[in-house]
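Student: Following is a predicted model, sequence given first.
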Amino acid sequence: MRMDVHGIGMTSQRTRDRLIQRLREEGIRDERVLEAMRNVPRHLFVDEALATRAYEDTALPIGQGQTISQPYIVALMTQALLAGGRLKKVLEVGTGSGYQTAILAQLVDTVYSVERIEPLMKLARKRLREIGCRNVQIKLSDGSWGWKDHAPYDGIIVTAAPAEVPLALIEQLAPGGRLIIPVGGPAMQELLLVQHTDKGLSQERLELVNFVPLVRDSI
Ligand code: SAH
(Lines give C-alpha, C1' and ligand atoms only; values in the text may rest on other atoms or scores of the structure.)
Protein backbone atom coordinates (compact mmCIF):
# COMPACT_ATOMS: atom_id res chain seq x y z
CA MET A 1 0.00 0.00 0.00
CA ARG A 2 1.28 3.42 -0.85
CA MET A 3 0.87 5.91 1.94
CA ASP A 4 -0.77 9.22 1.26
CA VAL A 5 1.23 11.61 3.41
CA HIS A 6 -1.14 14.49 2.85
CA GLY A 7 -4.58 13.14 3.35
CA ILE A 8 -5.97 9.90 4.55
CA GLY A 9 -5.39 7.38 7.28
CA MET A 10 -3.16 7.62 10.32
CA THR A 11 -1.56 10.87 9.26
CA SER A 12 -4.79 12.75 8.53
CA GLN A 13 -5.78 16.10 10.02
CA ARG A 14 -8.27 14.29 12.25
CA THR A 15 -5.51 12.14 13.71
CA ARG A 16 -3.45 15.28 14.34
CA ASP A 17 -6.40 17.03 15.94
CA ARG A 18 -6.74 14.15 18.38
CA LEU A 19 -3.14 14.71 19.46
CA ILE A 20 -3.85 18.41 20.00
CA GLN A 21 -6.88 17.51 22.10
CA ARG A 22 -4.71 15.23 24.18
CA LEU A 23 -2.09 17.96 24.69
CA ARG A 24 -4.86 20.25 25.95
CA GLU A 25 -5.99 17.57 28.39
CA GLU A 26 -2.40 17.22 29.59
CA GLY A 27 -2.35 20.91 30.44
CA ILE A 28 -0.88 22.70 27.40
CA ARG A 29 -2.68 26.05 27.31
CA ASP A 30 -0.77 28.25 24.86
CA GLU A 31 -2.94 28.44 21.74
CA ARG A 32 0.01 29.57 19.60
CA VAL A 33 1.87 26.39 20.52
CA LEU A 34 -1.17 24.17 19.93
CA GLU A 35 -1.75 25.79 16.54
CA ALA A 36 1.89 25.33 15.50
CA MET A 37 1.68 21.67 16.50
CA ARG A 38 -1.54 21.30 14.52
CA ASN A 39 0.21 22.71 11.45
CA VAL A 40 3.54 20.89 11.42
CA PRO A 41 3.30 17.36 9.97
CA ARG A 42 5.25 15.28 12.53
CA HIS A 43 5.00 12.18 10.32
CA LEU A 44 7.41 13.80 7.87
CA PHE A 45 10.10 13.93 10.59
CA VAL A 46 10.24 10.18 11.23
CA ASP A 47 11.07 7.21 9.06
CA GLU A 48 8.20 6.19 6.77
CA ALA A 49 7.87 2.88 8.63
CA LEU A 50 6.97 4.84 11.79
CA ALA A 51 4.73 7.45 10.14
CA THR A 52 1.53 5.81 11.37
CA ARG A 53 2.73 6.28 14.95
CA ALA A 54 3.74 9.91 14.49
CA TYR A 55 0.62 11.33 16.20
CA GLU A 56 0.87 9.16 19.27
CA ASP A 57 2.17 11.11 22.25
CA THR A 58 5.47 9.21 22.43
CA ALA A 59 9.13 9.65 21.59
CA LEU A 60 10.21 7.57 18.57
CA PRO A 61 13.63 6.40 17.33
CA ILE A 62 15.27 8.48 14.57
CA GLY A 63 18.46 6.40 14.14
CA GLN A 64 22.00 6.95 15.52
CA GLY A 65 20.63 6.02 18.97
CA GLN A 66 18.61 9.26 19.11
CA THR A 67 14.89 10.01 19.42
CA ILE A 68 12.33 12.55 18.26
CA SER A 69 10.94 14.06 21.47
CA GLN A 70 7.47 13.24 22.78
CA PRO A 71 4.92 15.83 21.50
CA TYR A 72 3.87 16.73 25.06
CA ILE A 73 7.48 17.58 25.95
CA VAL A 74 7.92 19.63 22.75
CA ALA A 75 4.74 21.53 23.62
CA LEU A 76 5.74 22.03 27.25
CA MET A 77 9.22 23.31 26.39
CA THR A 78 7.94 25.61 23.66
CA GLN A 79 5.21 26.97 25.93
CA ALA A 80 7.77 27.67 28.68
CA LEU A 81 10.09 29.35 26.20
CA LEU A 82 7.36 31.65 24.85
CA ALA A 83 5.77 32.51 28.19
CA GLY A 84 7.81 35.72 28.46
CA GLY A 85 6.43 37.16 25.20
CA ARG A 86 7.55 37.40 21.62
CA LEU A 87 11.01 36.07 20.74
CA LYS A 88 13.22 37.13 17.87
CA LYS A 89 16.28 34.90 18.02
CA VAL A 90 16.21 31.39 19.43
CA LEU A 91 19.03 28.85 19.72
CA GLU A 92 18.19 25.15 19.76
CA VAL A 93 20.81 22.62 20.86
CA GLY A 94 20.15 19.11 19.46
CA THR A 95 18.34 19.45 16.11
CA GLY A 96 17.71 15.69 15.88
CA SER A 97 14.81 15.14 13.49
CA GLY A 98 14.18 18.89 13.12
CA TYR A 99 10.64 18.61 14.46
CA GLN A 100 11.11 20.91 17.46
CA THR A 101 12.97 23.25 15.09
CA ALA A 102 9.95 23.36 12.77
CA ILE A 103 7.60 24.15 15.67
CA LEU A 104 9.86 26.99 16.82
CA ALA A 105 10.14 28.32 13.27
CA GLN A 106 6.36 28.94 13.27
CA LEU A 107 6.58 31.01 16.43
CA VAL A 108 9.78 33.06 16.46
CA ASP A 109 11.64 35.19 13.93
CA THR A 110 14.78 33.08 13.47
CA VAL A 111 15.87 29.69 14.78
CA TYR A 112 19.54 28.75 14.98
CA SER A 113 19.99 25.04 15.62
CA VAL A 114 23.08 22.91 16.25
CA GLU A 115 23.44 19.15 15.93
CA ARG A 116 26.58 17.05 16.40
CA ILE A 117 25.62 14.02 14.24
CA GLU A 118 26.06 14.86 10.56
CA PRO A 119 23.50 12.49 8.94
CA LEU A 120 20.80 13.75 11.34
CA MET A 121 21.75 17.37 10.67
CA LYS A 122 21.58 16.88 6.90
CA LEU A 123 18.26 15.05 6.98
CA ALA A 124 16.72 17.69 9.27
CA ARG A 125 17.94 20.44 6.95
CA LYS A 126 16.38 18.67 3.94
CA ARG A 127 13.04 18.09 5.69
CA LEU A 128 12.80 21.66 6.92
CA ARG A 129 13.51 22.93 3.42
CA GLU A 130 10.86 20.61 1.99
CA ILE A 131 8.15 21.88 4.31
CA GLY A 132 9.15 25.46 3.54
CA CYS A 133 10.83 26.58 6.79
CA ARG A 134 13.02 29.43 5.66
CA ASN A 135 13.82 31.14 8.95
CA VAL A 136 16.07 28.33 10.20
CA GLN A 137 19.86 27.95 10.15
CA ILE A 138 21.47 24.68 11.18
CA LYS A 139 25.10 23.82 11.73
CA LEU A 140 27.14 20.79 12.72
CA SER A 141 28.83 21.32 16.07
CA ASP A 142 28.90 20.61 19.77
CA GLY A 143 26.10 22.75 21.11
CA SER A 144 27.56 22.89 24.62
CA TRP A 145 29.46 25.85 23.21
CA GLY A 146 26.29 27.47 21.91
CA TRP A 147 26.57 29.36 18.61
CA LYS A 148 28.50 32.49 19.38
CA ASP A 149 28.20 34.21 15.99
CA HIS A 150 24.49 34.95 16.47
CA ALA A 151 24.43 35.49 20.26
CA PRO A 152 22.83 36.81 22.37
CA TYR A 153 19.58 34.82 22.10
CA ASP A 154 16.16 35.73 23.49
CA GLY A 155 15.58 32.05 24.09
CA ILE A 156 17.65 28.87 24.19
CA ILE A 157 16.15 25.40 24.16
CA VAL A 158 18.25 22.29 24.76
CA THR A 159 16.86 18.91 23.73
CA ALA A 160 19.63 16.67 25.10
CA ALA A 161 20.60 16.47 28.76
CA PRO A 162 23.89 17.61 30.34
CA ALA A 163 24.84 16.96 33.99
CA GLU A 164 25.10 20.72 34.50
CA VAL A 165 24.01 23.80 32.58
CA PRO A 166 26.86 24.62 30.12
CA LEU A 167 28.31 28.04 30.97
CA ALA A 168 28.47 29.12 27.31
CA LEU A 169 24.69 28.89 27.04
CA ILE A 170 24.20 31.20 30.00
CA GLU A 171 26.70 33.62 28.51
CA GLN A 172 24.82 33.65 25.21
CA LEU A 173 21.43 34.40 26.80
CA ALA A 174 20.22 37.98 26.27
CA PRO A 175 19.03 40.09 29.22
CA GLY A 176 15.44 38.99 29.82
CA GLY A 177 16.17 35.76 27.95
CA ARG A 178 14.90 32.29 28.85
CA LEU A 179 16.79 28.99 28.75
CA ILE A 180 14.89 25.69 28.86
CA ILE A 181 17.15 22.74 29.58
CA PRO A 182 16.93 19.21 31.02
CA VAL A 183 19.67 18.70 33.61
CA GLY A 184 20.62 15.47 35.35
CA GLY A 185 21.84 11.90 34.97
CA PRO A 186 21.24 9.44 32.12
CA ALA A 187 17.97 7.95 33.42
CA MET A 188 16.07 11.06 34.48
CA GLN A 189 16.48 14.82 34.49
CA GLU A 190 14.81 17.93 35.74
CA LEU A 191 13.55 20.31 33.11
CA LEU A 192 14.77 23.75 34.19
CA LEU A 193 13.76 27.25 33.22
CA VAL A 194 16.74 29.57 33.71
CA GLN A 195 16.00 33.27 33.34
CA HIS A 196 18.42 36.11 32.89
CA THR A 197 16.76 38.89 34.91
CA ASP A 198 17.87 42.33 36.21
CA LYS A 199 18.70 40.72 39.52
CA GLY A 200 20.82 37.97 37.95
CA LEU A 201 19.92 34.37 37.13
CA SER A 202 16.81 32.66 38.42
CA GLN A 203 16.04 28.98 38.14
CA GLU A 204 12.71 27.15 38.21
CA ARG A 205 12.03 23.40 38.03
CA LEU A 206 9.30 22.49 35.55
CA GLU A 207 9.01 18.71 35.35
CA LEU A 208 10.88 15.40 35.47
CA VAL A 209 11.89 14.31 31.97
CA ASN A 210 13.94 11.72 30.16
CA PHE A 211 16.23 12.95 27.37
CA VAL A 212 19.23 11.41 25.61
CA PRO A 213 22.52 12.75 27.03
CA LEU A 214 24.17 15.91 25.74
CA VAL A 215 27.47 14.61 24.38
CA ARG A 216 30.50 16.85 24.62
CA ASP A 217 32.95 16.49 21.76
CA SER A 218 36.59 16.81 22.75
CA ILE A 219 38.34 19.74 21.12
N1 SAH B 1 14.49 18.02 19.29
C2 SAH B 1 14.94 16.79 18.72
C3 SAH B 1 15.53 15.91 19.80
C4 SAH B 1 16.52 14.95 19.26
S5 SAH B 1 17.32 14.00 20.49
C6 SAH B 1 13.77 16.09 18.06
O7 SAH B 1 12.65 16.20 18.58
O8 SAH B 1 13.96 15.41 17.07
C9 SAH B 1 18.65 15.04 20.94
C10 SAH B 1 19.63 15.40 19.86
O11 SAH B 1 20.71 16.12 20.48
C12 SAH B 1 20.29 14.22 19.13
O13 SAH B 1 20.09 14.37 17.77
C14 SAH B 1 21.76 14.33 19.51
O15 SAH B 1 22.64 13.93 18.48
C16 SAH B 1 21.90 15.80 19.80
N17 SAH B 1 23.02 16.15 20.66
C18 SAH B 1 23.51 15.49 21.73
N19 SAH B 1 24.57 16.15 22.24
C20 SAH B 1 24.75 17.25 21.46
C21 SAH B 1 25.69 18.32 21.48
N22 SAH B 1 26.65 18.41 22.39
N23 SAH B 1 25.56 19.30 20.53
C24 SAH B 1 24.59 19.24 19.59
N25 SAH B 1 23.68 18.25 19.52
C26 SAH B 1 23.76 17.27 20.46
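Tutor: Ah, there it is.
Student: C-alpha from now on. contacts and neighbour counts both.
Tutor: Fine.
Student: Any buried residues in stretch 20-34, and which?
Tutor: The neighbour-count check on stretch 20-34 (16 or more other Cα atoms under 10 Å) flags 20, 23-24, 28, 30, 33-34 as buried.
Student: which bits of this protein sit near the ligand?
Tutor: Taking Cα under 6 Å from any ligand atom as the contact definition, the chain meets the ligand at 66-69, 93-100, 114-117, 141-144, 159-160, 212, 214-216.
Student: Return a ChimeraX selection command for the buried portion of those.
Tutor: Per 16+ other Cα under 10 Å, the buried members of the residues of the chain next to the ligand correspond to this ChimeraX selection:
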select :66,67,68,69,93,94,95,96,97,98,99,100,114,115,116,117,141,142,143,144,159,160,212,214
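Student: Can you list which of the residues of the chain next to the ligand are found in strands?
Tutor: Members of those lying in strands (criterion: DSSP state E): 66-68, 93, 114-115.
Student: and Lys89, how far is that from the ligand?
Tutor: 17 Å (Cα to the nearest ligand atom, to the nearest Å).
Student: what about that residue, neighbour count?
Tutor: 19 (other Cα atoms under 10 Å).
Student: What of Ser218?
Tutor: Neighbour count of Ser218, defined by other Cα under 10 Å: 5.
Student: now do Leu81
Tutor: Neighbours of Leu81 (other Cα under 10 Å): 23.
Student: Quick check: which helices or strands does the helix or strand hosting it pack against?
Tutor: In this assignment (DSSP states H and E), Leu81 forms part of helix 71-82. Here helix 71-82 touches helix 13-25, helix 31-39, strand 153-158, strand 173-184, going by 3 or more Cα pairs under 8 Å, 6 or more residues apart in numbering; DSSP states H and E.
Student: for the chain, what are the low-confidence residue spans?
Tutor: Counting by pLDDT under 70, the chain has low-confidence residues at 1-10, 219.
Student: Work out which residue lies at the spatial centre of it.
Tutor: Gln100 (3.2 Å; Cα atoms, centre = their mean).
Student: Which one of the buried residues of stretch 20-34 is nearest to Met121?
Tutor: Each of those was scored against Met121 by Cα to Cα, and Val33 proved nearest at 24.0 Å.
Student: For that closest one, give its distance to Asp149.
Tutor: For Val33, the distance to Asp149 equals 28 Å [Cα to Cα, to the nearest Å].
Student: The residue nearest to the centre of the chain and Tyr72 touch, don't they?
Tutor: No - in this structure Gln100 lies outside contact range of Tyr72 using Cα atoms under 8 Å: 11.3 Å.
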